[in-house]
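**Q** Here's my sequence, what's the structure:
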Amino acid sequence: MLEGRKAALLEAVVAEHIRTAEPVGSKLLSKKYGFSVSSATVRNTLAALEQEGYLTHPHTSAGRVPTIKGYRYYVTHCIAEKPLAKKERTAIEERCIKSSENSRHRVKELAKVIADVAHEAILVGFTSDDVYYTGLSYLLAQPEFSDHDLALAMSHAFDRLDETMAEFATSVHDDFAIAIGDENPFGDDTSIVVVRYGKDGDQLFGILGPTRMDYAANIALAKYAREIMTKYSYE
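**A** Sure thing, here's the model as predicted:
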C-alpha cells in the first residue's frame, strides 16, 4: 500500500487522466485538488511515483500519465463502486423489455444499450466460438486510437475475435473480473470489465475500452447488465 500523500496524488492523476486523456501536471493537481503542500512537494511525490513504476510521462510533456501498475493500484485501492442512477437503470431495462425476440436477440439489444451508455465496445461470448460485438466505433473514437498502430492492432484483435475471446475466457475464473493492459489479449493499451452470466456461468459480457476507461462507471454497468440478464433469464 502507498502512504497517504502518494496514494492521494496517484488517485488524482488517474482520475484526471481518465477525464481528459491528457498528461497531468503538478500545477493543475495543486490548484484543482487542493493538496496542502507546496508545488515542489507535489512534484517530488510525482517523481517518486514515477520511479516506483506507477506513473510515466510522455517525452514531449512534463505531465504524468498512469502506467498499467498505476491503473491496477487505482482499481484495487481507490475506486468505490457507484450504483447506476435510477434514471439510467430504468432506461436500460425498459429498452430491453421492449425487445420481444428470443433471448439471444435481447442480449444483443442489451449490449447495444450498454455501448450507448458507456461509449465503449461491448463483447458477448455466447460460446467460445460464437461471439457478438457492438460499439467498436465508440472505442476507436477514443483519443488513444488516433495512433495508427494502436487502431490497426485493435482491428486485428477483432478480426480474430472468436479466438481472442476463447483465449480470454480461460483466464476469467470468477463471476466478475477486470483485466488491465497486458492481462487481456486485446492489447496493452486496453482494459476490459467482464461478468459471467447464464445458468452455468459459461457466457461472458464484457465492456472493452482504453486503459483510461471510467472503471467505476463500467463496473456498475457490467454488473447491472448481469442483473438484467439474470432477472429476465437471458440464457
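
**Q** Let me see the domain layout of this protein.
**A** Domains of the chain are assigned by automatic domain parsing as 4-78, 86-231.

**Q** okay if I get the ones you listed as TSV plus mean pLDDT and mean neighbour count?
**A** In this view, the C-beta of every residue, glycine as well, is placed from N, C-alpha and C. Listed next are the domains of the chain as TSV, based on pLDDT from 0 to 100; neighbours: other CB atoms under 10 Å:
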stretch	mean pLDDT	mean neighbour count
domain 4-78	90	17
domain 86-231	91	18
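
**Q** what ranges do the helices span in this structure?
**A** For the chain, the helices defined by DSSP state H cover 4-20, 26-33, 39-51, 68-73, 86-97, 103-118, 136-140, 148-159, 161-169, 215-231.

**Q** what about those helices, which gets the closest to I79?
**A** Closest of the helices of the chain to I79 is helix 215-231, at 4.6 Å (criterion: CB to CB).

**Q** Run through who's touching the closest one.
**A** Helix 215-231 is contacted by residues 18, 71, 74-75, 79-84, 89, 92-93, 96, 107, 110-111, 114, 117-118, 120, 175-176, 178, 191, 193-198, 205-207, 209, 234 when judged by CB atoms under 8 Å, 6 or more residues apart in numbering.

**Q** again with stretch 57-69
**A** Contacts for stretch 57-69 (CB under 8 Å, 6+ apart): 10, 13-14, 17, 22-25, 28, 46, 49-50, 53-56, 74, 180-182, 188, 211.

**Q** Quick check: phi and psi at the residue sitting furthest away from the middle of the chain.
**A** Residue farthest from the centre of the chain, counting by CA atoms, centre = their mean, is S38 at 33.0 Å. Dihedral angles of S38 (phi, psi; degrees, to the nearest 10) stand at phi -70, psi 160.

**Q** S171 too?
**A** Per-residue torsions, S171: phi -100, psi -10 (degrees, to the nearest 10).

**Q** Does it touch I178 like I think?
**A** No. Using CB atoms under 8 Å, S171 is not in contact with I178, being 11.6 Å away.
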